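Trainee: could you look at this predicted model? Sequence included:
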Amino acid sequence: MLSAAALITGGLAVASHSAAFATTASASPTASTVHTHRLCSEPSKPGYMACEAVVRTDLKSQKSLGRHDTPKGFGPADLQAAYNLPKDGGKDATVAIVDANDDPNAEKDLAAYRSQYGLPECSTGNGCFKKIDQDGGSNYPAPDAGWAGEISLDVDMVSAACPQCHILLVEAKSANMDDLGAAVNQAAKQGAKYISNSYGGGEEAADTSSDDKYFKHPGVAITVSSGDSGYGTEYPASSQYVTAVGGTSLKKDSSTRGYSESVWGTSAGGEGAGSGCSKYDAKPSWQKDTGCTKRSVADVAAVADPATGLAVYDTYQANGWNVYGGTSASSPFIAGVYALAGAPGASDVPAAYPYAHPDKLNDVTEGSNGSCSDYQCKAGKGYDGPTGLGTPNGVAAFTK
């Protein structure tokens, strides 16, 4: 596997061979620079993907909590309030998580997260949680600390968005797109109507002809992280068959909503939500922006900035509670929002739904994720690359 094994440094899981990047003061709720590491290294050859999870390294892990302590980072109640989500939707809907490698502690870590926040039990025993390999069995792949952190982030974010949802974890045997694609197909075969993919790699001309087949599942909402390197397009976010999910910085404030959002990233680029114009993938009929003749990324967004990050519980070569970010957070969260909204039409591409209801989203109008001359890297009224049409304001934008 081309993702790096995680090292434990100062009680935090960090990826070897991956450069740390700092989030600027303007994105930080404390007006100070934060320090982070990507959990997975960049792919070193074509056809391989890297997870899009980022961990804060300037905050000490919380292995255990006192009776009155709470984890650092946003929890489910914060996210439900910020995005106006119902607490009782999605009952018995199954959200699938597709990742590479195994997280041996996935179920017990999920139990700790849900117990901390008073969410319903989700276990193999009660039928809420299921883990399978890419062939549908229990021959799980080799463990990997970086991807285990990714898996923890993914299942926790689905839980935060949709506490009543079932969770299906499908583990690909490697981060090769063919194995991940087989896992996507397996998730659909298992009947999941919502499938999250928190990984990406460089666009290649072969992607549209060979890999898009993995994501062409009418009637299934497939979400994909837009990337964590700022302005620039990754695959499979650029597939015409998926909902590409960008990222924001989320802050509490005194507004009527109680929260405000801006683009995760800076005009200097290098970190933040991915966005841009695909080199290869055709523009879907429902996407109407005029500055790109092919597929534009992203479609929608949610919190992803590690400086305004999420509480996540991970114990596989990690020390419990950490603050995570990256568009690996926003993709599974949006998959959970789709599940709250209800099953897509059998022949639909659910990525089209938000384009029919842009007024049902929080329009993000501030910030940028790099240097360009237009909306592909700069937020503004209406559609923009880093945040798409905006972030959830309830679930009405995620249904037909």
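Mentor: Now that the structure is in, tell me what you want to look at. Numbering: from 1, shown residues only.

Trainee: alpha carbons only for contacts and neighbour counts from here, please
Mentor: Fine.

Trainee: all strands of the stretch 201-350 of the chain, in order?
Mentor: Ranges of strands in the stretch 201-350 of the chain, per DSSP state E, counting those that start in this stretch, are 221-225, 229-231, 234-235, 243-252, 259-263, 272-282, 294-297, 300-303, 310-314, 320-325.

Trainee: what's the answer for the stretch 51-200 of the chain, then?
Mentor: Applying DSSP E, counting those that start in this stretch to the stretch 51-200 of the chain gives strands spanning 54-56, 94-100, 129-133, 166-172, 194-197, 199-202.

Trainee: and these as CSV, adding mean neighbour count and mean pLDDT?
Mentor: Output for the strands of the stretch 51-200 of the chain, formatted as CSV (neighbours: other CA atoms under 10 Å; pLDDT from 0 to 100):
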stretch, mean neighbour count, mean pLDDT
strand 54-56, 29, 97
strand 94-100, 30, 98
strand 129-133, 21, 98
strand 166-172, 28, 98
strand 194-197, 30, 98
strand 199-202, 26, 94
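
Trainee: to Asp253, which of these lies closest?
Mentor: For Asp253, the closest of these is strand 54-56, at 22.6 Å, according to CA to CA.

Trainee: quick one: strands adjacent to the closest one?
Mentor: Each strand paired with strand 54-56, and its direction, by DSSP bridges: strand 34-38 (antiparallel), strand 320-325 (antiparallel).

Trainee: re the thing from before, how about the strands of the stretch 51-200 of the chain, which one is nearest Ser330?
Mentor: Ser330 sits nearest to strand 194-197 of all the strands of the stretch 51-200 of the chain, at 9.7 Å, using CA to CA.

Trainee: quick one: the helices in this structure?
Mentor: 76-82, 106-116, 145-161, 177-189, 205-206, 327-341, 353-356 (DSSP state H).

Trainee: just give me how far the fourth one sits from the chain centre.
Mentor: So the one you mean is helix 177-189. Centroid displacement of helix 177-189 relative to its chain, using CA atoms, centre = their mean, to the nearest Å, is 17 Å.

Trainee: swap in the last one?
Mentor: Between the centre of helix 353-356 and the centre of its host chain there is 19 Å, according to CA atoms, centre = their mean.

Trainee: export that helix as CSV, just CAs?
Mentor: Extracted in CSV, the C-alpha atoms of helix 353-356 (Å, rounded to 0.1, in the frame of the first residue of the first chain):
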residue,chain,number,x,y,z
TYR,A,353,-30.4,17.1,-6.7
PRO,A,354,-28.6,20.1,-5.1
TYR,A,355,-28.6,21.9,-8.5
ALA,A,356,-32.4,21.8,-8.5
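
Trainee: picking that back up, reformat the strands of the stretch 201-350 of the chain as JSON lines; add distance to His68.
Mentor: Shown next, in JSON lines, are the strands of the stretch 201-350 of the chain (distance: least, CA to CA, whole Å):
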{"stretch": "strand 221-225", "distance to His68": "34"}
{"stretch": "strand 229-231", "distance to His68": "37"}
{"stretch": "strand 234-235", "distance to His68": "42"}
{"stretch": "strand 243-252", "distance to His68": "22"}
{"stretch": "strand 259-263", "distance to His68": "25"}
{"stretch": "strand 272-282", "distance to His68": "34"}
{"stretch": "strand 294-297", "distance to His68": "42"}
{"stretch": "strand 300-303", "distance to His68": "26"}
{"stretch": "strand 310-314", "distance to His68": "16"}
{"stretch": "strand 320-325", "distance to His68": "15"}
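
Trainee: closest one to Ala329 among the strands of the stretch 51-200 of the chain?
Mentor: For the strands of the stretch 51-200 of the chain, proximity to Ala329 was assessed by CA to CA; strand 54-56 is nearest, at 9.0 Å.

Trainee: circling back: between the strands of the stretch 51-200 of the chain, which one is nearest to Trp147?
Mentor: Between the strands of the stretch 51-200 of the chain, strand 94-100 lies closest to Trp147; by CA to CA that is 6.5 Å.

Trainee: coming back round to it: give me whichever of the strands paired with strand 54-56 is most buried.
Mentor: strand 320-325 (a mean of 28; mean count of other CA atoms under 10 Å).

Trainee: list of residues touching that one?
Mentor: Contact partners of strand 320-325, identified using CA atoms under 8 Å, 6 or more residues apart in numbering, comprise 12, 53-56, 59-64, 71-73, 153, 303-314.

Trainee: go with 7 Å
Mentor: 53-56, 61-63, 71-73, 304-306, 309-314 (CA atoms under 7 Å, 6 or more residues apart in numbering).

Trainee: distance between that strand and the chain's centre?
Mentor: In terms of CA atoms, centre = their mean, the centre of strand 320-325 is set 14 Å apart from its chain centre.

Trainee: give me the angle between it and helix 145-161.
Mentor: Strand 320-325 runs at 80 degrees relative to helix 145-161, counting by axes from the mean of the first three to the mean of the last three CA atoms, to 10 degrees.

Trainee: use 780 as the first number from now on
Mentor: In the new count, where the first residue is 780, that last one comes out as strand 1099-1104.

Trainee: quick revisit: adding distance to Ser820, write the strands of the stretch 830-979 of the chain out as JSON lines.
Mentor: As requested, the strands of the stretch 830-979 of the chain are exported to JSON lines (distance: least, CA to CA, whole Å):
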{"stretch": "strand 833-835", "distance to Ser820": "11"}
{"stretch": "strand 873-879", "distance to Ser820": "13"}
{"stretch": "strand 908-912", "distance to Ser820": "23"}
{"stretch": "strand 945-951", "distance to Ser820": "17"}
{"stretch": "strand 973-976", "distance to Ser820": "17"}
{"stretch": "strand 978-981", "distance to Ser820": "11"}
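
Trainee: looking at those strands, which is closest to Ala1176?
Mentor: Minimum separation from Ala1176 across those (CA to CA) falls at strand 973-976, 15.3 Å.

Trainee: sheet partners, orientation included, of the closest one?
Mentor: On the basis of DSSP bridges, the sheet neighbours of strand 973-976 come out as strand 873-879 (parallel), strand 1000-1004 (parallel).

Trainee: can you pull up the bridge partners for Ile911?
Mentor: For Ile911, the beta-bridge partners are Val949 (DSSP bridges).

Trainee: and it, what does it touch?
Mentor: Here Ile911 is in contact with 917, 948-950 (CA under 7 Å, 6+ apart).

Trainee: all set now, cheers.
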